[in-house]
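Asks: sequence and predicted structure below; questions after.
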Amino acid sequence: GGGGQKKSTNDGGGGDGAAEKVCSCDANYYSDDCSVFCESSETCSTNGFCSSDGVCECKDGKVGPTCACDAKECSSSSVQLRNSLCSSKGTCSNGECMCEPGYYGCNCEVFCAQSITCSGHGTCTINGLCKCDPGYIGEDCSELDIPQYCRVDDDGNVFTISGYPCLLGLDGTVGQGFDIIQGTKTTRILQLRYTKGRTFQHNLLGTFEIPDNVDCEEITVDKLV
């Protein structure tokens, strides 16, 4: 789904002659601005279907935002028994565990507090997993993602900038605060200009920093394509 997920069309309305633009969503995209993705077999775990507003409607016996959980028997008069179904970290209601903040999973068994997990390089998702910031990978976002297509020489010595991998973004930039002087995303030799106050690290030469009194610094990167 990415770039073609919405089309702007004119509805022909508007008394002043100015047509109002509305979004006609592509398949599997919902909401006024087509920002909600829902595909029944993928989003709803094959246990439900996407409603007209892009929310999963689950089959009987299944609950949860993705219909991945088995419905629970919440009718017990004992609050303690009901809550035990949710690992004592949530409340059982209408067959579904309503978890306390920071807890996820069908039984509220997964804990993921943004303040102490994801290594400071990501955030918790609704299923209790870390969604890593750009440049970081791993279950806890503790590993630096160094793509193999960007190198400083033919020996494969990797160059990183302020902890960010040296990679070309979709907008043609590299990392943050850099300009391309010569070259493109698809050429092997790329000449870059860096702004002042940046820290650079080469895996053989070590770490060095561009002094604050230097407005910019240039480097030629030999990247694999």
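Replies: Nice, I can see it. Every value quoted in this text rests on a predicted model; they were computed, and no experiment measured them. Residues are numbered from 1 along each chain as shown.
Asks: next SSE downstream of the longest helix seen in the chain?
Replies: Scanning the chain for the longest helix, with DSSP state H as the assignment, gives helix 79-84. Following helix 79-84 in sequence order, the next helix or strand is strand 90-93 (DSSP states H and E).
Asks: next SSE downstream of that following strand?
Replies: Next in sequence after strand 90-93, counting helices and strands by DSSP H and E, comes strand 96-99.
Asks: once you drop chain neighbours, what's closest to Val63?
Replies: Spatial nearest neighbour of Val63, chain neighbours left out: Glu96 (4.1 Å); criterion: C-beta to C-beta, 6 or more residues apart in numbering. C-betas here are computed from N, CA, C, even on glycine.
Asks: domain map for the chain?
Replies: According to automatic domain parsing, the chain comprises the domains 6-37, 72-107, 112-144, 159-222.
Asks: which of the three states applies to Ser41?
Replies: helix (DSSP: H, G, I helix; E, B strand; the rest coil).
Asks: burial of it, as a residue count?
Replies: With neighbours defined by other C-beta atoms under 10 Å, the count for Ser41 comes to 11.
Asks: ok, it to Asn28 distance?
Replies: Ser41 sits 11 Å away from Asn28, going by C-beta to C-beta, to the nearest Å.
Asks: likewise Ser119?
Replies: 33 Å.
Asks: pLDDT below threshold where in the chain?
Replies: Along the chain, segments meeting pLDDT under 70 span 1-22, 76-77, 82, 113-117, 126-128, 135, 144-225.
Asks: bridged to Cys50, which residues?
Replies: Cys56 (DSSP bridges).
Asks: my read: it touches Thr43, true?
Replies: Yes: contact criterion C-beta atoms under 8 Å: Cys50 and Thr43 qualify, at 6.6 Å.
Asks: mind listing the shared neighbours of these two?
Replies: Common neighbours of Cys50 and Thr43 (criterion: C-beta atoms under 8 Å, 6 or more residues apart in numbering): Cys56.
Asks: what about the closest residue to Asn83 other than its chain neighbours, neighbour count?
Replies: Using C-beta to C-beta, 6+ apart and skipping residues adjacent in sequence, the residue nearest Asn83 is Thr91, 6.2 Å away. Here the number of neighbours of Thr91 (other C-beta under 10 Å) works out to 16.
Asks: which strand residues bridge Thr91?
Replies: Note on Thr91: beta-bridge partners by DSSP bridges are Met98.
Asks: go on, Glu143?
Replies: In beta-bridge terms (that is, DSSP bridges), Glu143 pairs with Ile137.
Asks: could you double-check that it sits in contact with Cys130?
Replies: No: between Glu143 and Cys130 there is no contact under C-beta under 8 Å: 11.4 Å.
Asks: quick one, which of those two is more surrounded?
Replies: Of the pair Glu143 and Cys130, Cys130 is the one with more neighbours under other C-beta under 10 Å, namely 22 against 14.
Asks: so that one touches Val110, yeah?
Replies: No: at 11.3 Å, Cys130 does not count as touching Val110 under the criterion of C-beta under 8 Å.
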